[in-house]
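Colleague: A predicted structure for the sequence below; I have some questions about it.
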2 protein chains.
Amino acid sequence: MSTIVTKFGGTSLADASQFRKIKDIIEANPDRKYVVASAPGKRFSEDIKVTDLLLRCYELAAAGQSFDAEFKAIQERFQTIINELHVEFPLQEEMEIIRKNMEEDPQQEYIASRGEYLNSRILSAYLGFTFVDPEWCVCFNDNGELDELMTQRTMAASLRPLTNAVIAGFYGSDRSGKIRTFSRGGSDITGSLAARAIEADLYENWTDVSGLLAADPRIVDSPKSVKYLSYRELRTLSYMGASVLHSDAVHPVSDLGIPINIKNTNHPEDPGTMIVRELPKNETKYPVVGVAGRKGMSVIQIEKVMVSDDAGFTAIILDILKALHLPFEHCLTGIDSVTLIIRSDLLAPYQQKLFDEITEQLHPDFLGLKENLSMIAVIGEKATEVSNANIQVLSALAKAGIELSTINQGAGKLNLLIGVPEECYEDAIRTIYGTIDHML
Amino acid sequence: MSTIVTKFGGTSLADASQFRKIKDIIEANPDRKYVVASAPGKRFSEDIKVTDLLLRCYELAAAGQSFDAEFKAIQERFQTIINELHVEFPLQEEMEIIRKNMEEDPQQEYIASRGEYLNSRILSAYLGFTFVDPEWCVCFNDNGELDELMTQRTMAASLRPLTNAVIAGFYGSDRSGKIRTFSRGGSDITGSLAARAIEADLYENWTDVSGLLAADPRIVDSPKSVKYLSYRELRTLSYMGASVLHSDAVHPVSDLGIPINIKNTNHPEDPGTMIVRELPKNETKYPVVGVAGRKGMSVIQIEKVMVSDDAGFTAIILDILKALHLPFEHCLTGIDSVTLIIRSDLLAPYQQKLFDEITEQLHPDFLGLKENLSMIAVIGEKATEVSNANIQVLSALAKAGIELSTINQGAGKLNLLIGVPEECYEDAIRTIYGTIDHML
């Protein structure tokens, strides 16, 4: 028998009908012993998330104004769920405690966390699972950073004696006992920490999409979802803008190699996206994972004869960037040339200073700036090995007449990075998706 | 009327019949007013260059041994040329002076330079041109480095009053009057300095090949010669191993944009290779210049999640290399990864230290080394713009089943750099040449 940690996102817990779907999902597999719950999300696109209502209450309370209307709306949302599910839950009592704390000493993180607290308590009552308050087992330092080692131990201590449990996501407490939260979307991290603590066999992350999409649906018509990818591939996709999992949620499970399965609460029959530590050596089914990209890049070209012979040249450039606290996205050195790709918004305030420093310290033969570049990543650790997908992509772009400003594929072969002018970005993404579609 | 500086290499001046070809070349165009001459080179493949004979004499003289036999062979080579050309030249007298200097105070650079000195004097007598001794106008510092500014002025002063002249290549003198030489092949530099000093319209460099070859003839069967390329393209080709011009010979003329024409003394009708400062904007005739490469490379892959977000990571790696005085060839950073390409022979003694330092300072998630890599450059500033030659090349390599370990094309677009395993090197070069052949 194996153990699964299942985390449900806000839309999966938005109302009573969603709670029912969750119950079906949990009961369909007895391995789903530990459940991490978010606060109720949107029921329809104009709806307001409970956490946003709570944060609005905090703002009003902190300003000494009345938050009655918002507070009532929150209570009503929970009350409706309770009524429709016919569960026993002392909501009135709980709401009174929260109101009292807000009036006496409004603390933003405490208030923000109450959506998860209440929702998890209701879900635990509905499922008949034990409620575990992360206040006691997700441990932060007093500066608000997660104490991973302590959390690992306390969470294991909390969960191991229980055959099943619902854990509230998103928050914990610091050493002084104050409630602390992760950044938004942080319930993903709670789930990952729980999976690591009990050394789960699988971490299921239930959302409202059938997995990670292989391309941006605003650009590509109904892109396929990614079926199978590695943590590294996921990280690259996320870095380039695809979002489905909090970026800090991978690290806890990746240490133990626990797979993550992104699933759709509304379509539990869909296989979703499976994220694993390593692609099996002879796995060749999905050579390409997807395509993603970012606009708003600037490219700086620095040329000087004999650069390559001089270990110091590029180092000096990067030291100048470091001194300006100006991060770069990519750096590629050729023969006598260094290409830097930097986010335009970060570069703007430092550009003159950077160019002055480079000119003064290095006397380059050429120093040029080109703006409005976008960077596109074609992601797939096996793309080169299996199908030469990367080369097919480059050929397709060339055939489509899209200018390839930079091309970069390191020895890790995780992804091919292509710079194209911003005005070609959407075209390039569509062209690439058209090329890789049949490999997905 | 324009002015051409013509430089003739050793094989172009190896014997009397070559001298006659030179005279025909000079007389065919009255713009060829200034001639730079090398020492007599090989007449056949087992022959010994006069400069090598002179250096052997020096070694013997310095060891206090007799150098009579070698000295006599040198004198005979010059005497044969003089006799066959029927020129007046006091060879016996000149040889006595050299012998006396060698016996009294054998100085290596002085002795090495006498081949150019004698050959140029004979050529000037044969052509009826004034002889200019670089002892007076090619100026070195006392540490043996060229004093460019001083040379520029003295050479202009020497040449401007003359309607034509033969200048000896390869040497000059330092401030104490001692003879100093460039490194071997340095007559190319003398010619370039002369062209700059008189602001020539063209620098002709006459050799025994009809220009720069577009690929290594040991790998590709009779590759075409490059017809037209920029200084930058030349530098890249040279960096990757193609040699036809001393690497320091470009810089003097490149400042003024004087074109260099590589010509074949034995086939003066061949157009040879024309090297220019900049390719004309709408010149699309020769998008690709050639392919060249180097073996003996190692590739180091360093991975760490969130590298891209941290400006310091790559800088630290390069600082470690700098501290070890270990130059790298190329560096490309992706997402969470840095790829370094380093010459294996340079890396070997420092590899352990480098890996220790990287591990200690950066705690990477992955640190790997792959040896026996070769780097191939497909060179052509217009390759992307005009013909997507680079993409065609990548497609051809992929189709041929050649593993592409790294791919790198910076914003300068001067060249595409491809890493392939050494065992695929020759195959890759041939595949690439087959793809670009029709563009040359």
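Modeller: Cool, got the structure. Numbers count the residues shown, from 1 in each chain, chains lettered A, B, ... in the order given.
Colleague: Would you pull up the residue in the stretch 1-150 of chain A closest to chain B?
Modeller: Residue of the stretch 1-150 of chain A nearest chain B, by Cβ to the nearest Cβ: A:E148 (14.6 Å). C-beta coordinates here come from the backbone N, C-alpha and C atoms, glycine included.
Colleague: can you tell me the helix or strand for A:A125?
Modeller: Using DSSP states H and E, A:A125 sits in helix A:108-127.
Colleague: distance of the closest residue to A:F366 other than its chain neighbours from B:S113?
Modeller: Nearest residue to A:F366, sequence neighbours excluded (Cβ to Cβ, 6 or more residues apart in numbering or on different chains): A:E303, at 4.0 Å. Separation of A:E303 from B:S113 (Cβ to Cβ, to the nearest Å): 35 Å.
Colleague: tell me what the following helix or strand past the helix holding A:A125 is packed against?
Modeller: Using DSSP H and E, the helix or strand that follows helix A:108-127 towards the C-terminus is strand A:130-132. Contacts defined by 3 or more Cβ pairs under 8 Å, 6 or more residues apart in numbering or on different chains; DSSP states H and E place strand A:130-132 against helix A:108-127, strand A:165-168.
Colleague: Could you spell out the sheet neighbours of strand A:130-132, each with its direction?
Modeller: Sheet pairing of strand A:130-132 (DSSP bridges) gives strand A:165-168 (parallel).
Colleague: Figure out how far whichever helix or strand comes after the strand it pairs with is from the centre of its chain.
Modeller: Downstream of strand A:165-168, the next assigned helix or strand under DSSP H and E is strand A:171-173. Strand A:171-173 sits 19 Å away from the centroid of its parent chain (Cα atoms, centre = their mean, to the nearest Å).
Colleague: Stretch A:260-271 now?
Modeller: On the basis of Cα atoms, centre = their mean, stretch A:260-271 sits 17 Å off its chain's mean C-alpha point.
Colleague: Please report the distance of the residue most central in space within chain A from chain B.
Modeller: Among the residues of chain A, the one closest to the centroid is A:H246, at 2.7 Å (Cα atoms, centre = their mean). Applying Cβ to the nearest Cβ, to the nearest Å, the value for A:H246 to chain B is 14 Å.
Colleague: Count the residues that sit near the spatially closest residue to that residue that is not a sequence neighbour.
Modeller: Spatial nearest neighbour of A:H246, chain neighbours left out: A:D188 (3.8 Å); criterion: Cβ to Cβ, 6+ apart. By other Cβ atoms under 10 Å in any protein chain shown, 26 other residues sit near A:D188.
Colleague: give me every residue that touches A:D188.
Modeller: A:7, A:169, A:205, A:245-246, A:248-249 (Cβ atoms under 8 Å, 6 or more residues apart in numbering or on different chains).
Colleague: Provide a ChimeraX selection command restricted to the buried entries of these.
Modeller: Buried members of those, defined by 16 or more other Cβ atoms under 10 Å in any protein chain shown, are picked up in ChimeraX with:
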select /A:7,169,205,245,246,248,249
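Colleague: low-scoring stretches of chain A, by residue?
Modeller: A:306-311, A:386-387 (pLDDT under 70).
Colleague: And the helices in it?
Modeller: Using DSSP state H, the helices of chain A run over A:16-28, A:50-62, A:68-85, A:91-104, A:108-127, A:148-159, A:187-197, A:231-239, A:250-256, A:312-323, A:344-347, A:351-362, A:389-399, A:425-436.
Colleague: right, so these: which one is the most enclosed?
Modeller: For the helices of chain A, the largest average neighbour count (mean count of other Cβ atoms under 10 Å in any protein chain shown) is found in helix A:187-197, namely a mean of 28.
Colleague: Just want the angle from the helix holding A:A125 to helix A:16-28.
Modeller: Orientation of helix A:108-127 against helix A:16-28 (axes from the mean of the first three to the mean of the last three Cα atoms, to 10 degrees) gives an angle of 60 degrees.
Colleague: Off-centre distance for helix A:108-127?
Modeller: Its chain's C-alpha centre and that of helix A:108-127 lie 22 Å apart, by Cα atoms, centre = their mean.
Colleague: and what of stretch A:77-88?
Modeller: Centroid separation between stretch A:77-88 and its chain, computed with Cα atoms, centre = their mean, is 31 Å.
Colleague: now do stretch A:19-32
Modeller: Relative to the centre of its chain, stretch A:19-32 is centred 25 Å away, using Cα atoms, centre = their mean.
Colleague: Quick check: residues of the stretch 101-250 of chain A near chain B?
Modeller: Residues of the stretch 101-250 of chain A lying near chain B by Cβ under 8 Å from any Cβ of the partner chain: A:232, A:235-236, A:239-240.
Colleague: please redo it, this time with the cut-off set to 7 Å
Modeller: By Cβ under 7 Å from any Cβ of the partner chain, the residues of the stretch 101-250 of chain A that approach chain B are A:235-236, A:239.
Colleague: Tell me how many other residues crowd A:T130.
Modeller: Close neighbours of A:T130, defined as other Cβ under 10 Å, add up to 16.
Colleague: circling back to that earlier point, compare the helices of chain A and give me the one nearest B:I402.
Modeller: Nearest to B:I402, of all these, is helix A:389-399, at 10.7 Å by Cβ to Cβ.
Colleague: if I pick the residue nearest to the centre of chain A, what's in contact with it?
Modeller: Contacts for A:H246 (Cβ atoms under 7 Å, 6 or more residues apart in numbering or on different chains) come out as A:185-186, A:188-189.
Colleague: re earlier: quick one: the helices and strands packed on strand A:130-132 as TSV, columns for distance to A:M155 too.
Modeller: Converted to TSV, the helices and strands packed on strand A:130-132 look like this (distance: least, Cβ to Cβ, whole Å):
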stretch	distance to A:M155
helix A:108-127	15
strand A:165-168	8
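Colleague: Can you give the contact residues for stretch A:38-45?
Modeller: Contacts of stretch A:38-45 (Cβ under 7 Å, 6+ apart): A:8-11, A:13-15, A:49-51, A:77, A:115-116, A:119, A:169-170, A:187.
Colleague: Swap in 6 Å and give it another go.
Modeller: Contact with stretch A:38-45 is made by A:9-11, A:13-15, A:49-51, A:77, A:115-116, A:119, A:169, A:187, as judged by Cβ atoms under 6 Å, 6 or more residues apart in numbering or on different chains.
Colleague: Could you give me the buried positions within it?
Modeller: If you call a residue buried by 16+ other Cβ under 10 Å, then stretch A:38-45 has these buried ones: A:38-41.
Colleague: just curious, which of those is nearest to A:Q361?
Modeller: Closest approach between those and A:Q361, by Cβ to Cβ: A:S38, at 50.9 Å.
Colleague: Tell me how far the closest one lies from A:K23.
Modeller: Counting by Cβ to Cβ, the gap from A:S38 to A:K23 is 16 Å.
Colleague: Next: A:L159.
Modeller: In this view, A:L159 and A:K23 are 20 Å apart by Cβ to Cβ.
Colleague: Likewise for A:V50?
Modeller: Taking Cβ to Cβ as the measure, A:V50 falls 20 Å from A:K23.
Colleague: Would you format the helices of chain A as TSV with distance to B:G401 included?
Modeller: As requested, the helices of chain A are arranged in TSV below (distance: least, Cβ to Cβ, whole Å):
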stretch	distance to B:G401
helix A:16-28	46
helix A:50-62	54
helix A:68-85	60
helix A:91-104	66
helix A:108-127	54
helix A:148-159	46
helix A:187-197	41
helix A:231-239	24
helix A:250-256	33
helix A:312-323	33
helix A:344-347	40
helix A:351-362	41
helix A:389-399	12
helix A:425-436	20
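Colleague: For B:L324, find the nearest of those.
Modeller: With Cβ to Cβ, the closest approach to B:L324 among the helices of chain A belongs to helix A:312-323: 11.5 Å.
Colleague: Send me that closest one as CSV with only the CA atoms.
Modeller: Written as CSV, here are the backbone C-alpha positions of helix A:312-323 (Å, rounded to 0.1, in the frame of the first residue of the first chain):
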residue,chain,number,x,y,z
GLY,A,312,39.4,37.8,-17.8
PHE,A,313,37.3,39.7,-20.3
THR,A,314,33.9,38.1,-19.7
ALA,A,315,34.6,37.9,-16.0
ILE,A,316,35.1,41.6,-15.9
ILE,A,317,31.8,42.2,-17.7
LEU,A,318,30.0,39.9,-15.2
ASP,A,319,31.7,41.6,-12.3
ILE,A,320,30.5,45.0,-13.5
LEU,A,321,26.9,43.6,-13.6
LYS,A,322,27.4,42.1,-10.1
ALA,A,323,28.6,45.5,-8.8
